[in-house]
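Asks: Kindly generate the corresponding structure for this input.
(2 chains)
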Protein chains: 2
Amino acid sequence: MKIITCIAPVNIATIKYWGKRDTELILPLNDSISVTLSTDQMHSKTTVAIDPDFKSDRMWLNGKEQSVDNPRFAQCLKEIRRRVQDKHGDIADWKFHICSENNFPTAAGLASSAAGYACLVYALAKVSGISEVRDVSLVARRGSGSACRSVWGGFVRWQAGVRPDGADSLAEQLYPAEHWPPVRVLVLVVSDSKKKIGSTSGMQESVKTSKLLAHRVERVLPDRIANMIEAIGRKDFATFADLTMQDSNQFHAVCLDTYPPIVYMNEVSHAIVDFVHKYNQLANQVKVAYTFDAGPNACLFVLEPDVADVIAHLRHLFPPTEHSAANYVRGIPVVQHVQLHKDIQPLGTPYEKGQLKYIIHTKVGDGPRVLTDDNEHLLTPDGLPKCFI
Amino acid sequence: MKIITCIAPVNIATIKYWGKRDTELILPLNDSISVTLSTDQMHSKTTVAIDPDFKSDRMWLNGKEQSVDNPRFAQCLKEIRRRVQDKHGDIADWKFHICSENNFPTAAGLASSAAGYACLVYALAKVSGISEVRDVSLVARRGSGSACRSVWGGFVRWQAGVRPDGADSLAEQLYPAEHWPPVRVLVLVVSDSKKKIGSTSGMQESVKTSKLLAHRVERVLPDRIANMIEAIGRKDFATFADLTMQDSNQFHAVCLDTYPPIVYMNEVSHAIVDFVHKYNQLANQVKVAYTFDAGPNACLFVLEPDVADVIAHLRHLFPPTEHSAANYVRGIPVVQHVQLHKDIQPLGTPYEKGQLKYIIHTKVGDGPRVLTDDNEHLLTPDGLPKCFI
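Replies: Alright, predicted model coming up:
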């Protein structure tokens, strides 16, 4: 038996992916750009074992056995086996046992599928002797489009590509995490009960009905992507922030232009937007940027020297409940003491407690990696989940 | 002294006006289409008196004297005087006393400036012997863009025009109110406390910063306007409704694409959108359309046979408080008894009481008119507001 355990990061798009030109192959309409978050705070973890004696492929996710017939999951296995066949024909017929979990609550609604599929495919590739990140990205894309970006650390671009077979639709690293060390990310987990339309069907509806999406893809994004890459290159936070916020807004505008309209942000989300613009105005400088994916939670980008101040003002405006106060800020510790801005009134009056559930403080990080400690395996030497023992 | 009293209607755009090509002359980027609401439920009322002995122009609005230096107000007076000069030079130097009021709460946030300026200019024109509706529309536009549409009843188009001086930017009637008698309008007044950006500055920000507005104006609206006119012409409610909802959504999408983003709809607004789509789905037919202007209130279009049923379901989903229950539906009486849909569950669980403050039930109506009863005058024979006596 061969066994391996890997972790893979979450990524946050600063230029959004919304709309496929091929739903089967998961080929996007446009390039997207993302920031990979440190696995120290959030990651998916996957153990893969292969053994000539395994009778069938099996898969456990967060402790529960899953069907291996899920088409996207099956597609990833098939694509890996095809590549193994080319290189190490002997193990191509061996079956996989796979066990996965996330270390962050799915309630955070944070692209868990991107981290999950990136981790799955990375682990499958490693255990099968496939070493090209290029291959990992191409296969991960078949699991979940944005997963192809989570195979790289730092600042990443998913090239839409032009080939009908998708062979050129994969992610590349623009800059490693070390390129811009002070960039910090605050994940703001917002209280929400409503069930939202999933991103897969949401983007299909947008492609079918929005009169603005094609214009965004053809006329707005080419310049915006070039400008974003340049801004990251020269570490120009204000431009990076403006482009990130504008693209988040435009993605949600396209959702609203979809028919029937798709609404992912709620009033707390919009209050966070408002806070960021007012905070930047008070500072007379763009110090914070927001971005929202297919849900109400915000990701804020902040430079390290400003983190404590931003968190203090968030805590003022979106106070925790008594119950959540001790655990309001998670992740990288913030020890610096700050005072609230003297003229805090323009930020508005504080919202009722608990609208913002908690904040995860993290930073830009590296791509997936293999864990070398055997104690990390999620499967026993028999190839069964440890949590079952 | 000459004295006259007029009333003028509110209009609701089904193809929205958003963005000026000339802010001074109030020339829009695009044609817009509106429905004029009956003055029976909602109107502005204005009395204008002219007298050679009046020392200066004076103006009272909702009981309070206003400065006549307001540039838009001053522009309307100037434009009327210019036309009087051409026709009846003798009274061009006489001063105006003007008294105005709305019979609907400004809290309704319902284009009170459109009805107000249409009424003002209509009354100024009547008292000055100007009879062309064309002139009234051109001058009312200088007060508030959408006011140029309130000078006509029924279904109205504001032609953007092409002339730099704006002489061809005015409203025309597409069809009179009698063209499509069963069309009913429900104005849904939503509870809201937030101060929103005004439409004048909002649209200027959109023109400056939205990457989608120009595309909307140049590529989306020409077809949409032609289709809307045809749908009204053949009384095709489903097409009228779809286009109305799509255009409302796109207007709010452009607001969201503005930087910083502009948000007029709140969670109750979005819940109403959701209700309409689910109601139509349950009915397996497009029976209701929504449209939202620069605020959270909805206007619903419904055909007369469906009004009672729609209101019953609105009352179920957005229940009034004990205090507001008796006055929840205002305007045209609804006596028909209806039962809630058997399978009401898809509409979702009712919201907390009082999220929808009340509903004004009205219909399509005629343009401004002169009131012939002298008791209606808001000014005394001395030219002073009656409410001051």
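Asks: For chain A, which residues are neighbours of chain B?
Replies: Counting by CB under 8 Å from any CB of the partner chain, chain A comes close to chain B at A:211-212, A:215-216, A:219-220, A:242, A:245-246, A:249-250, A:252-254, A:256-261, A:263, A:266-267, A:270, A:273, A:277. All C-beta atoms are positioned from the backbone trio N, CA, C, and that covers glycine.
Asks: Quick check: the gap between residue A:198 and chain B.
Replies: Distance from residue A:198 to chain B, counting by CB to the nearest CB, to the nearest Å: 17 Å.
Asks: pLDDT wise, what is that residue at?
Replies: Per-residue confidence at residue A:198 stands at 88 (pLDDT).
Asks: Now do the contacts for it.
Replies: Contact partners of residue A:198, counting by CB atoms under 8 Å, 6 or more residues apart in numbering or on different chains, are residue A:294.
Asks: again, only this time at 10 Å
Replies: A:113, A:204, A:294 (CB atoms under 10 Å, 6 or more residues apart in numbering or on different chains).
Asks: Which PyMOL command selects the buried ones in those residues?
Replies: The PyMOL command for the buried members of the contacts of residue A:198 (criterion: 16 or more other CB atoms under 10 Å in any protein chain shown) is given here:
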select buried, chain A and resi 113+294
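Asks: Out of the contacts of residue A:198, which comes closest to chain B?
Replies: Each of the contacts of residue A:198 was scored against chain B by CB to the nearest CB, and residue A:294 proved nearest at 15.1 Å.
Asks: in what helix or strand does the closest one lie?
Replies: When elements are assigned from DSSP states H and E, residue A:294 belongs to no helix and no strand.
Asks: Please, where are all the helices along the stretch 251-389 of chain A?
Replies: For the stretch 251-389 of chain A, applying DSSP state H, counting those that start in this stretch gives helices covering A:267-283, A:307-317.
Asks: could you redo those helices as JSON lines and give each row mean neighbour count and mean pLDDT?
Replies: Putting the helices of the stretch 251-389 of chain A into JSON lines (neighbours: other CB atoms under 10 Å in any protein chain shown; pLDDT from 0 to 100) gives the following:
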{"stretch": "helix A:267-283", "mean neighbour count": "20", "mean pLDDT": "96"}
{"stretch": "helix A:307-317", "mean neighbour count": "20", "mean pLDDT": "96"}
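Asks: out of the ones you listed, nearest to residue B:56?
Replies: Nearest of these to residue B:56, taken as CB to CB: helix A:267-283 at 41.4 Å.
Asks: and that closest one, what does it pack onto?
Replies: On a contact count with 3 or more CB pairs under 10 Å, 6 or more residues apart in numbering or on different chains; DSSP states H and E, helix A:267-283 meets strand A:183-190, helix A:237-257, strand A:288-292, strand A:298-303, helix A:307-317, strand A:356-363, helix B:267-283.
Asks: could you give the angle of the third one to helix A:267-283?
Replies: For strand A:288-292 against helix A:267-283, the angle between stretch directions is 160 degrees (axes from the mean of the first three to the mean of the last three CA atoms, to 10 degrees).
Asks: Direction included, what does strand A:288-292 pair against?
Replies: Strand A:288-292 has its sheet partners listed here by DSSP bridges as strand A:298-303 (antiparallel).
Asks: just the angle between the partner strand and helix A:307-317, please?
Replies: Orientation check (the same axes, to 10 degrees): strand A:298-303 against helix A:307-317 gives 140 degrees.
Asks: Export strand A:298-303 to CSV, keeping only CA atoms.
Replies: Below are the C-alpha coordinates for strand A:298-303, written out as CSV (Å, rounded to 0.1, in the frame of the first residue of the first chain):
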residue,chain,number,x,y,z
ALA,A,298,-16.5,39.4,3.1
CYS,A,299,-12.8,39.0,2.6
LEU,A,300,-10.9,42.1,3.4
PHE,A,301,-7.3,42.8,2.3
VAL,A,302,-5.3,45.0,4.6
LEU,A,303,-1.6,45.7,5.0
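Asks: got a list of what residue A:253 touches?
Replies: Contacts of residue A:253 (CB under 10 Å, 6+ apart): A:210, A:212-213, A:216, B:210-212, B:249-250, B:252-258, B:261.
Asks: and if we set it to 8 Å?
Replies: Going by CB under 8 Å, 6+ apart, residue A:253 touches A:212, B:212, B:253-254, B:256-257.
Asks: Also residue A:84?
Replies: A:91-92, A:128-130.
Asks: repeat for residue A:244
Replies: Contacts for residue A:244 were tallied using CB under 8 Å, 6+ apart; they are A:14-15, A:228, A:289-291, A:301.
Asks: Please parse chain A into its domains.
Replies: Chain A breaks down by the TED database into domains covering A:2-177+A:371-376, A:183-363.
Asks: Burial-wise, tell me which of these comes out on top.
Replies: Sort those by mean neighbour count, taking mean count of other CB atoms under 10 Å in any protein chain shown, and domain A:2-177+A:371-376 sits at the top with a mean of 20.
Asks: Do me a favour and get the end-to-end distance for it?
Replies: Taking CA to CA, to the nearest Å, domain A:2-177+A:371-376 runs 15 Å from one end to the other.
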